[in-house]
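K.L.:
Any chance you could fold what I've pasted below:
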Amino acid sequence: MALALFTVEITVIKLLSGDHAIAQLVLWRSASQLLLMLPLMLRGRGHVFATDRPWLHLARGGLSGAGMFTFYFAFSALPLAFATAISFTQPLFLVLLAVLMLGEKVTRRRLVATIVGFSGAILVIRPGAVPLEPATLVAVLGAVVGALLLIVTKRLAQSDGTMTIMAWVSVTTSMLFLVPGAALWTAPRLEDAWLFALLSLGGPIGQFLLINAFRMADASALAPIDFTRLILAGIAGYLVFREVPDPWTLVGSAVIAGSTILASRPEPLLCPPPRRVSRR
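P.N.:
Model (predicted):
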């Protein structure tokens, strides 16, 4: 559900980026989340910000702002399916960082599923077939930042509640983009009101679902599931922008779907063999 809402979010960003600056869209997205959480903040008299890890929350806010800006820029400048395929390098970085920073043990099946899914993304990208553009490099940078963001989210989800994490990030990101977003502000048109409404609701709800997903499962276990975004992006690209996937995209999508199914299967329970009781 979170990935579906994120697909809606990037589709809206691509539609709005022609008339509005990326900094304005990031500010709108973060400020909307802040307004949605304002009643909870007032009712709890600020207790929602109670935490033993304020600096980690500030770091997550900075990563969230950087991640939103890089992804918004990439999806506004590149074809939807192509930008989505580049973002699939994020799960590969995520599995590596989950081992190095979280100490998670990646099972052989999950590792194979991630590598297979990444290979499917390579089939879609086809390095060398598309000229390298600055937006492509920004998309890769966004994947690295996104992986770091998910690692920090996993750490915070082990000690702090979902609302606390969302409250901190909404305030931090809004403050970071207040000046550039206001300086580049363009008044929204009336016919775009429904798009801004989708951006206001879809992003925060998606983040809420994602945080809870990382509370319930290992980061390395969720990483291959991210590949389903390619299928969702292909559907959105066709319905909204009339983008028709080429054969390579279809083959890569099939590979990605197979890796997702493999990664989604529950791990077998590893139980010790029953002890033999000697009878005398």
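K.L.:
where does residue 39 fall, helix, sheet strand or coil?
P.N.:
Recorded secondary structure, residue 39: helix (DSSP: H, G, I helix; E, B strand; the rest coil).
K.L.:
Could you tell me how many residues sit around it?
P.N.:
9 (other CB atoms under 10 Å). All C-beta atoms are positioned from the backbone trio N, CA, C, and that covers glycine.
K.L.:
Need the per-residue pLDDT for it.
P.N.:
Residue 39 carries a pLDDT score of 85 in this model.
K.L.:
Output the below-cut-off pLDDT ranges for the protein.
P.N.:
127-132, 219-220, 223-224, 260-261, 263-280 (pLDDT under 70).
K.L.:
And the residue minimising distance to the centre of the chain, how far from residue 139?
P.N.:
Nearest to the mean C-alpha position of the chain, counting by CA atoms, centre = their mean, stands residue 146 at 6.4 Å. Noted for residue 146: a distance of 10 Å to residue 139, by CB to CB, to the nearest Å.
K.L.:
Would you agree the residue nearest to the centre of the chain falls within a helix?
P.N.:
Yes: according to three-state DSSP, the state of residue 146 is that of a helix.
K.L.:
these two touch, right, it and residue 67?
P.N.:
Yes: counting by CB atoms under 8 Å, residue 146 does reach residue 67; the two are 5.0 Å apart.
K.L.:
How about residue 259: what's its closest non-neighbour residue?
P.N.:
Distances taken as CB to CB, 6 or more residues apart in numbering place residue 117 nearest to residue 259, at 3.6 Å, with adjacent residues excluded.
K.L.:
now that neighbour: how far from residue 262?
P.N.:
Distance from residue 117 to residue 262, counting by CB to CB: 9 Å.
K.L.:
So if I had to pick from the two, which one is more boxed in?
P.N.:
Counted by other CB under 10 Å, residue 117 and residue 262 do not tie: residue 117 has more neighbours, with 29 against 16.
K.L.:
just checking, that one is part of a strand?
P.N.:
No: using three-state DSSP, the assignment for residue 117 is helix, not a strand.
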